[in-house]
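> Sequence and predicted structure below; questions after.
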Amino acid sequence: MKVEHKIIAAFVIGFMAVLLVGAATYFNARSLLDRHSMVVHTYQVISGVDDLLNSADEMESGARGYLLTGKQEYLQPYHAGLNTMQGTLASVRALTADNPVQQRNLDALQTSLNRAIAGTQTEVNARSLQVNGPAPTISIEDKENMDQVRFNIATLKAHENQLLVERDLQSRASARQTLTNFAILLVLAVVLLGFFYVFIRHDLSARRRTDKALRESDKKIRGVMDSAPDALLITDKDGKIQMTNAQAERLFGYPRNDFNGRKIDDLLVMRAEPAKEADDDAVLPLSKDRAFQDFRSLGARFDGVRPDGTTFPIDLSRSLVQMGDEQIHISAVRDRTEQQRAEESLRKFSLDLARSNAELERFAYVASHDLQEPLRMVSSYTQLLAKRYKGKLDANADEFIGYAVDGASRMQKLINDLLALSRVGTQAKLSEPVDTGVVLRRAISDSQLAIDAAGAAVAVPENMPVVLADGIQIGQLFQNLIGNALKFRGADAPRVQVAVEPSEDGTFWKFCFKDNGIGIEPQYFERIFVIFQRLHSKESYPGTGIGLAICKKIVERLGGQLWVESTVGQGAAFYFTLPAVP
């Protein structure tokens, strides 16, 4: 944030704080004035109540003098008090119009006053008829009426005195709060002025330190740029070069000063057209925003251009940086001549390796296929010798013939398994939706004789999924896993439990073939999937050691994984995944 903005922000914050405290002080002062007015108003009501009491006394003494003496001059204060009483009563009623309690007290006073006036007026009228007669006595009822008037007046005054005490306390509290707020306002103003002074002075000092640090940082940045392994070209939004590093000089062959003002388009040439089709007249200048990203996303490739016109392959990357109000582009250029040579060598090696693998697969298939005919001849003649001459020669001859028959038979099985292994890659069909339930039932049917001979049971889930696979190879996978469970069985009858569940994202199905056989030790979990790796002698468990290798190759060719979990003596569980149909 600029120092001007900081000063404005500090001023606004201080102004708002002073404004808030000043507003609070103003409202407290208004409240003080209002409460003072209420106190004055209460004094006015009390004064009116005192006038009521004086008028009542004046009216009573005038009436009593007239009754005792019969002289007319005593009626004057009586009538004056009566008139003053009525006027003062109306004034007090107007002053207490907003006080329901006093209005009720005034109603009671009016009622008792009317009774007192009526009684007194009756006695005054009777006295006027007996001017020379004996003085009448004042009735007890009239005296009680006047006492009630005085009581009502005393009630009015007592209530107003209570209001006076309360309003005086409130007025004093408002005065104290007003003084407190005013003191806070003064202190806050002094503190804010001091803070603004220190803040602005500190910010100006910080700006001077920042300018110095920026100059030093600029030197460090140039040092870092010069030590960078890539050529760095810093350009403005129009693609004009503003700064470079030493590596750019070495890579492009220009002196550093010759870069300034030059456009980055002058240093690059497109070597490969973008993959996206474009109009013939379309121009995508490198200096425009997002140009590099667009070209790289479309698969374009660039060469750097030196002053003599020679070109060299490069890797190009670009970053957009906001520097205050200005946007700059930092382009990193790396010479990829050596990398291109290495990629070409690697590509050639990959082609040679692929060609070699293809030749090996063809050789394995042809060799396995061509060995079948002479092997069948050897196997046939050794079996014929065993059948025709068994018992006619000595025991050694029978033993040797047995070895030959067994060796030929095992060789034929080995060749057949090798042939099956090679066909996994060479004769595989394209993946298509396959109902694994149908394939599994067919595999169990094909293995039914072996299952019955072993007294085994295979439990299959009610619903099996459809996967993307080669149906023939999936059948071979299922049959090999079932056969493996039948072969490596323990003392109990073999039990095979098949289970399947989807993956969390729904892209794969996870299968499990679990048996109750002899189990596998953990250190052999990887070895059993390697070709010809046997854990037992052929006398204990016959076989060629290729079956699980075929299973692994089938699963991995389909894009899945195959692994085993087992505990010795408690059976083994073979898990594998197959892609689901989208």
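Received it, and whenever you're ready, just let me know what you need.
> can you count the residues close to Gly475?
Counted with other Cβ atoms under 10 Å, the neighbours of Gly475 add up to 19. For glycine as for every other residue, the C-beta is placed from the backbone atoms N, C-alpha and C.
> If I look at it, what pLDDT would I see?
Reading off the confidence values, Gly475 has pLDDT 86.
> before we move on, what about Ala573?
For Ala573, the model assigns a pLDDT of 91.
> Next: Thr311.
84.
> Identify the bridge partners of it.
Beta-bridge partners recorded for Thr311 (DSSP bridges): Val305.
> thought it was touching Val305?
Yes: at 5.6 Å, Thr311 and Val305 qualify as touching, with contact defined as Cβ atoms under 8 Å.
> Spit out the residues that contact those two alike.
Listed as contacting both Thr311 and Val305 by Cβ atoms under 8 Å, 6 or more residues apart in numbering are Val269.
> Which residue of the two possesses the greater neighbour count?
Ranked by neighbour count (other Cβ under 10 Å), Thr311 and Val305 place Val305 first, with 18 against 13.
> residues touching the more buried one, list them.
With Cβ under 8 Å, 6+ apart, Val305 has these contacts: 252, 266-269, 311.
> among these, which are in helices?
Among the contacts of Val305, DSSP state H puts Phe252 in helices.
> Check the gap between Ala116 and Ser205 for me.
The spacing between Ala116 and Ser205, counted by Cβ to Cβ, to the nearest Å, is 88 Å.
> Those two: who's more crowded?
Shown here are Ala116 and Ser205; by other Cβ under 10 Å, Ala116 has more neighbours (25 against 10).
> Then that one would be within a helix, right?
Yes: assessed by DSSP: H, G, I helix; E, B strand; the rest coil, Ala116 belongs to a helix.
> What is the neighbour count of the closest residue to it other than its chain neighbours?
Spatial nearest neighbour of Ala116, excluding adjacent residues (Cβ to Cβ, 6 or more residues apart in numbering): Asn145 at 3.8 Å. Asn145 has 20 neighbouring residues, counting by other Cβ under 10 Å.
> And the contacts of Val305, which of them are buried?
252, 267-268 (16 or more other Cβ atoms under 10 Å).
> Do you have the strands of the stretch 301-450 of the chain handy? List them.
Applying DSSP state E, counting those that start in this stretch to the stretch 301-450 of the chain gives strands spanning 301-305, 311-323, 326-335, 432-435.
> right, so these: which one is the most enclosed?
Most buried of the strands of the stretch 301-450 of the chain, by mean neighbour count (mean count of other Cβ atoms under 10 Å): strand 301-305, with a mean of 19.
> Let me know the secondary structure of the residue nearest the centre of the chain.
Nearest to the mean C-alpha position of the chain, by Cα atoms, centre = their mean, lies Asp505 at 21.4 Å. With three-state DSSP as the basis, the three-state label of Asp505 is coil.
> Is Val568 part of a helix or strand, or is it coil?
coil.
> Skipping adjacent residues, who's closest to it in space?
Closest residue in space to Val568, ignoring its immediate chain neighbours: Gly519 at 4.2 Å, by Cβ to Cβ, 6+ apart.
> Which secondary structure state does that neighbour sit in?
Applying three-state DSSP: Gly519 is coil.
> what sits against it?
566-572.
> Go ahead and confirm Leu385 touches Lys392.
No: Leu385 is beyond contact range of Lys392, at 10.4 Å (criterion: Cβ under 8 Å).
> quick one on the thing from earlier: tell me the confidence at the residue nearest to Val568?
83.
> how about TSV for the strands of the stretch 301-450 of the chain, with distance to Gln476 added?
Output for the strands of the stretch 301-450 of the chain, formatted as TSV (distance: least, Cβ to Cβ, whole Å):
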stretch	distance to Gln476
strand 301-305	45
strand 311-323	47
strand 326-335	50
strand 432-435	12
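> looking at those strands, which is closest to Gln177?
Gln177 lies closest, by Cβ to Cβ, to one member of these: strand 311-323, at 51.7 Å.
> Contacts for that closest one, please.
268-269, 271, 289, 292-293, 296, 301-306, 327-337, 339-340.
> before we move on, back to that, ok, the residue nearest to Ala116 - contacts?
Counting by Cβ under 8 Å, 6+ apart, Asn145 touches 112, 115-116, 119.
> Try it again at 10 Å.
For Asn145, the contacting residues are 60, 112-120, 139, by Cβ atoms under 10 Å, 6 or more residues apart in numbering.
> before we move on, what about Met243?
Residues near Met243 by Cβ under 10 Å, 6+ apart: 221-222, 225, 232-235, 256, 259-260, 328, 330.
> how about 8 Å then?
The contact partners of Met243, by Cβ under 8 Å, 6+ apart, come to 225, 232, 234.
> Let's see the pLDDT reported for the second one.
In the prediction, the pLDDT value recorded for Leu232 is 80.
> Now the phi/psi pair for it, please.
Dihedral pair for Leu232: phi -110, psi 130, per degrees, to the nearest 10.
> Equivalent analysis for the one 5 residues further on, please.
Dihedral angles of Lys237 (phi, psi; degrees, to the nearest 10) stand at phi -70, psi -20.
> Please parse this structure into its domains.
In terms of domains, the chain is parsed into 3-201, 231-335, 337-427, 429-579 (source: automatic domain parsing).
> To Arg209, which of the ones you listed lies closest?
Minimum separation from Arg209 across those (Cβ to Cβ) falls at domain 3-201, 12.8 Å.
> tell me the average confidence for stretch 81-99?
Mean predicted confidence for stretch 81-99 is 81.
> for this protein, what helix or strand is lowest in average pLDDT?
When each helix and strand of the chain is scored by mean pLDDT, DSSP states H and E, helix 291-297 comes last, with a mean of 42.
> of all the contacts of Asn145, which comes closest to Gly559?
Using Cβ to Cβ, the contacts of Asn145 come closest to Gly559 at Ser112, 110.2 Å.
> element containing the closest one, please.
Here Ser112, judged by DSSP states H and E, is contained in helix 100-129.
> after that helix, next one along is what?
Immediately after helix 100-129, counting by DSSP H and E, sits helix 140-227.
> Strand 326-335 and that following helix, what's the angle between them?
Between helix 140-227 and strand 326-335, the angle comes out at 30 degrees (axes from the mean of the first three to the mean of the last three Cα atoms, to 10 degrees).
> Who are the packing partners of the helix holding Ser112?
If contacts are counted by 3 or more Cβ pairs under 8 Å, 6 or more residues apart in numbering; DSSP states H and E, helix 100-129 sits against helix 3-69, helix 75-95, helix 140-227.
> Give me the helices and strands touching the shortest one, please.
Spelled out, that is helix 75-95. helix 3-69, helix 100-129.
> List just the one of those helices that sits closest to Arg527.
Arg527 sits nearest to helix 3-69 of all these, at 72.2 Å, using Cβ to Cβ.
> and the direction of that closest one versus that of helix 140-227, what angle?
Going by the same axes, to 10 degrees, helix 3-69 makes 180 degrees with helix 140-227.
> just to revisit the earlier point, buried ones in the helix holding Ser112?
In helix 100-129, counting by 16+ other Cβ under 10 Å, buried: 102, 105-106, 108-109, 112-113, 115-117, 119-120, 123-124, 127.
> Mind exporting the C-alpha coordinates of stretch 454-468 to CSV?
Extracted in CSV, the C-alpha atoms of stretch 454-468 (Å, rounded to 0.1, in the frame of the first residue of the first chain):
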residue,chain,number,x,y,z
ALA,A,454,-10.5,-84.4,-5.5
GLY,A,455,-13.9,-84.3,-3.8
ALA,A,456,-13.8,-80.5,-4.0
ALA,A,457,-16.5,-77.8,-3.9
VAL,A,458,-16.5,-74.5,-5.7
ALA,A,459,-18.7,-71.7,-4.3
VAL,A,460,-19.7,-69.1,-6.9
PRO,A,461,-21.5,-65.8,-6.2
GLU,A,462,-25.0,-65.4,-7.5
ASN,A,463,-24.2,-62.3,-9.6
MET,A,464,-21.0,-61.9,-11.6
PRO,A,465,-20.1,-58.7,-13.4
VAL,A,466,-19.4,-57.9,-17.0
VAL,A,467,-15.8,-56.8,-17.7
LEU,A,468,-13.7,-55.7,-20.6
